[in-house]
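Novice: Fold the following, please.
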Amino acid sequence: MTVLVTGATGKVGRPLVDELLAAGHRVRALTRSPRAADLPDGVEVVAGNLTDPAGLAGVFDGVTAAHLITFDGAGFAPLTSGPEIVALAREAGVRRVTVLKGDVARSPLEEAVDAGGLEWTFLAPVEFMSNTLEWADPVRTEGVVREGFPEARSAMIHDADIAAVAAVALTTDGHAGQEYWLTGPQAFTAPEKVATIAEVLGREVRYEELSEDEIVARWRASGYPAEDIGFFLAMRTDPPAAGYTVLPTVEKVTGRPARTFAQWVRENAGAFGG
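Specialist: Have a look, this model is predicted:
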């Protein structure tokens with residue numbers, strides 16, 4: 001079967017390409033910049049983006065299943081082109097889609113997919129382990145992580161496990177109409193993440209706690225608007241249970257245990273100076 005992967009160079013799209021190739025499927029990868037995509041041999045790379053349905057003519061032709069994202073890969077704004085995307089997919093004969101959620105609430109694309117009669121599986125990951133790369137520079141140069149909210153927990157998931165679930169849902173039966181909440185095998189606080197990084201790297205990495213005011217000032221200095229800052233605060237001071245509740249979904253769908261945070265750190269040790 002031929003599977004279309006949108007966001008093919010992203011955190012989930014890139015490992016999904018590898019998962020599908022390893023299983024023997026043909027992959028068509030949609031990306032804004034084909035020349036910079038650096039995808040494996042055998043992948044059919046096509047130019048386009050989901051914000052411009054008029055530029056997607058022919059992209060779905062011959063495709064059996066498609067992986068979609070609910071947001072603009074450049075600016076992360078919710079896509080509003082859902083009805084047009086679904087119409088193109090249906091006209092081309094696409095049967096099955098996975099949709100990577102970007103928020104707890106249903107997005108316009110999810111609503112369009114549900115109304116469009118496609119066999120859908122919605123993927124709802126909690127925090128990505130790759131978000132920890134935000135700490136790479138201070139860990140590498142100073143051996144320190146400065147963060148707040150030390151009691152907030154996250155059942156963060158390895159990006160490749162999201163891709164593994166998507167690959168199964170796209171290529172096997174039994175997943176239509178499911179919304180899969182995806183977590184890793186353990187919920188971590190920030191100090192516990194830092195301790196894991198130190199253990200894997202085999203050197204001291206300190207956790208220095210910042211106050212809420214210091215964290216908010218840092219977000220403001222980074223250019224985040226008040227609305228985003230309010231959301232960040234809510235997620236850290238009164239997070240939904242889904243964010244820290246460990247679920248067995250990855251293993252149930254793929255037959256393999258979810259990857260650990262220590263494994264992710266080993267795979268990315270170079271970024272932290274390991």
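Novice: which ones are touching the closest residue in space to residue 51 that isn't next to it in sequence?
Specialist: Of all residues not flanking residue 51 in the chain, residue 72 sits nearest, at 5.3 Å (C-beta to C-beta, 6 or more residues apart in numbering). For glycine as for every other residue, the C-beta is placed from the backbone atoms N, C-alpha and C. Residues in contact with residue 72, defined by C-beta atoms under 8 Å, 6 or more residues apart in numbering, are 49-51, 78-79.
Novice: which strands and helices sit next to the lowest-mean-pLDDT helix or strand in the chain?
Specialist: When the helices and strands of the chain are compared on mean pLDDT, DSSP states H and E, helix 226-237 comes out lowest with a mean of 90. Secondary-structure packing of helix 226-237 (3 or more C-beta pairs under 8 Å, 6 or more residues apart in numbering; DSSP states H and E): helix 212-221.
Novice: Packing partners of the helix it packs on?
Specialist: helix 226-237.
Novice: Which residues does the helix it packs on contact?
Specialist: Helix 226-237 is contacted from outside by 148-149, 152, 212, 216, 219-220, 224, 243, using C-beta under 8 Å, 6+ apart.
Novice: Derive a PyMOL selection command for the buried subset of these.
Specialist: The following PyMOL selection, which keeps only the buried ones among the contacts of helix 226-237, applies the criterion 16 or more other C-beta atoms under 10 Å:
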select buried, resi 148+149+152+216+219+243
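Novice: what's the closest of the contacts of helix 226-237 to residue 102?
Specialist: For those, the closest approach to residue 102 (C-beta to C-beta) belongs to residue 243, at 14.4 Å.
Novice: unless I'm mixing things up, that closest one is touching residue 154, no?
Specialist: Yes: under the criterion of C-beta atoms under 8 Å, residue 243 is in contact with residue 154, at a separation of 6.1 Å.
Novice: Quickly list what's touching both of these two.
Specialist: Listed as contacting both residue 243 and residue 154 by C-beta under 8 Å, 6+ apart are 126-127.
Novice: Can you give the domain ranges for this structure?
Specialist: Here the domain assignment for the chain is 2-125, 128-156+184-243+259-274, based on automatic domain parsing.
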